[in-house]
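> Build me a structure from this.
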Amino acid sequence: MIAYPFRVLFTLSFLFINLFQEAFPGGFDTVATAGKNSVITFGALQQFVHERFYDRMYRTRPLEYAYTRALDDMIVEQLKRIDFFERGLDRDSALLESNRRVINEELVIRYFGREYVRKYVNDAAMREAYERMKREVVCRRNHVNAPAGDSAKSRKSFDAVRGQLASELARGATFNGLVSASGRLLHTLTAPVDTVTVTWKKGLVAEADSIIFKLRVGQIAILNLSASLEIVQIVRINTVPVAPYENVKDEIYNTLRERFASTAADDFTRATKALVDERALTWNEKALEMLLGWSNIPGFYASLYRDTLTAAIAEGRNPVLLNYRGGRVDLREYLRLLNDVLILPGRGRFRVEDLKKFILEAIRTDRVVKKARALGLEKGIFTFRSTDPTLRDRIVSLYNQRVIEASIPALTEGTMREFYAANKDSLYYQLAKVNIYAVISTDRKEIDNVWQMHLRGTAFEKLAPQIDVKTFVRDRSGDSIRSYLSTETPFLGKAAFTLTLNQVAGPIEYVDPDRGTCYAIIKCVGIRPEKQLTMDDARKTIAADFMEFQKKKIGDETAESLKNKYGFKEYEDVLMRDVAALRAK
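Model (predicted):
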């Protein structure tokens, strides 16, 4: 099956943009600037840390260290975007076309925001919400559930009770009288009465709270909900002090956006569905079966589709897949839609129905793109200020290719030998390494039973439900052992290096500060001896090592050059304050 329709994906991206800015009180604090006018907020940094796993990479360091490293990388990436456009790389037509799909995705998001979200989230709505912030409505509420069951008769009887209560209210019934009457008429126990406070945010989110927020002091109302009713009476209305509008408008905007995102998305879905009349579709089932065969080739939409479809078209095979009112989709048009508008997942087992749904979704999205372009919404998308995360990453990636990787000198036999000689004692000295399987327990009796099973001939791999795999390396002096590609303390490293291949040892006792006293049985499953690698030994990896070394070297030089060229500023006091507050949460 194909993934969610694109409109669902972009709606979610709209909902969760600035997620960390909204979730943390200091999210909008400026922690750095890159170039003249490019601001980095703590919320954006927090999201960057989360997405790139800096907190995990540096989990043995203080949290401030992870955030400082991430902030430096954010600054450099933004300076690369600025320099990308300063160099005029955006005027490369081939480069622009290679990003057409990402640009069009951003166009759809902008169109959605302008034509649908803006109906609900605009200056007038925000000003109205600001006035609502100044009020809190305190009320007595009695929630009355519908009768048990879900039959038409039950619903009819509940509707009748609603009507009777409304009549009693019109005749002057009190709040307590209505609560008692609801229990009597429905033959149920009277539910407890709650006194609750409705804030401006609650008044936006819940249907009942929205009505309550507009009532007067002393007013009684019967709120008809979908499967229940509420009897409410306004006790008082409090005046709440609020900050100036400019200080809270971001909070208001985000609250309104979250409240109406679903409504706006529903509006958008209905409108885009109407862009293609599904009552007038003619599908070419034979051509779709041909396309399906290609589509189910592993990785077809990840990398193969361009060459496959281009070759078929060049050979004169360009069948019409769909005729619809206002146009048609042949293989050439299908290729354009894939390149410019939407792409199917690189992996998946598709059906003809999946392809039909995708083609219709692509046609609709293409029409939305054209509407957005006609409104002039393309201006400012492909810039260093772009907010689309995919496009931002793409600009950095292209910059690295065009500026950094293109500067790497060619690897010849001579430069290969020079690189080997310069790194012989570091990259090409092979440290001793050992791989083990381990059964570990904090229960001595349990590990003794496992040991007896081993002595009776049970295969090591069947001694316990969980077998840990650990790798250790030893430094050249032989004095220091560490876990390989891990920050874990090498508790079993010394014992591991005493084993021969396939030898089993145990029980071994050690103290883990987190788990207490532990016991282990270990088996050596791999040994790599310590030795100096020759040039021939290193030849397998030297090209990749050379590339990584040069990328790092040129990358560091480029970062320093960009900082000097465009300037940057870090607000360390703000960063440390917000990280400390984050840790305290």
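> Tell me if residue 522 really is in a strand.
Yes - under DSSP: H, G, I helix; E, B strand; the rest coil, residue 522 falls within a strand.
> my read: it touches residue 499, true?
Yes - applying CB atoms under 8 Å as the test, residue 522 and residue 499 come out as touching, 7.3 Å apart. Placement of C-beta: from N, CA and C, glycine included.
> Okay, helices next: where are they in the stretch 151-300 of the chain?
Per DSSP state H, counting those that start in this stretch, the stretch 151-300 of the chain carries helices over the ranges 152-170, 175-186, 200-205, 207-212, 245-273, 285-295.
> Out of those helices, flag the one nearest residue 68.
The minimum distance between residue 68 and the helices of the stretch 151-300 of the chain falls on helix 245-273, with 25.7 Å, by CB to CB.
> related to what we said a few turns ago, dump the helices of the stretch 151-300 of the chain into CSV; add distance to residue 223 as well.
Output for the helices of the stretch 151-300 of the chain, formatted as CSV (distance: least, CB to CB, whole Å):
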stretch, distance to residue 223
helix 152-170, 10
helix 175-186, 12
helix 200-205, 13
helix 207-212, 5
helix 245-273, 19
helix 285-295, 52
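> returning to what we had before: so what sits against both of residue 522 and residue 499?
By CB atoms under 8 Å, 6 or more residues apart in numbering, residue 522 and residue 499 have these common neighbours: 436, 505.
> what number of residues lie near residue 94?
Other residues within reach of residue 94 by the criterion other CB atoms under 10 Å amount to 6.
> did I read that right, residue 482 in a strand?
Yes - with three-state DSSP as the criterion, residue 482 is part of a strand.
> Report the contact partners of it.
By CB under 8 Å, 6+ apart, the neighbours of residue 482 are 472, 473, 475, 490, 493.
> hmm, 6 Å instead?
residue 490 (CB atoms under 6 Å, 6 or more residues apart in numbering).
> beta partners for it?
Beta-bridge pairing of residue 482 under DSSP bridges involves residue 473.
> quick one on the thing from earlier: when residue 522 and residue 499 are compared, which one has more neighbours?
residue 522 (24 against 17).
> ok, so what distance separates residue 38 from residue 83?
12 Å (CB to CB, to the nearest Å).
> Residue 198 now?
Taking CB to CB, one finds residue 198 at 52 Å from residue 83.
> out of these two, which sits in the busier spot?
residue 198 (24 against 19).
> beta partners of the more buried one?
residue 137.
> wait, it sits on residue 137?
Yes - using CB atoms under 6 Å, residue 198 makes contact with residue 137 at a distance of 4.5 Å.
> And residue 379, its phi and psi?
phi -60, psi 130 (degrees, to the nearest 10).
> Count the residues that sit near it.
Using other CB under 10 Å: residue 379 sits among 10 other residues.
> Show me the domain layout of the chain.
Split into domains by automatic domain parsing, the chain comes to 6-124, 135-239, 281-374, 429-532.
> mind checking which of those is nearest residue 571?
domain 6-124 (5.4 Å).
> Over the closest one, what's the mean pLDDT, rounded is fine.
Mean per-residue pLDDT for domain 6-124: 82.
> tell me the SS of residue 486?
Under three-state DSSP, residue 486 comes out as coil.
> Same question for residue 32.
Residue 32 is classified as strand under three-state DSSP.
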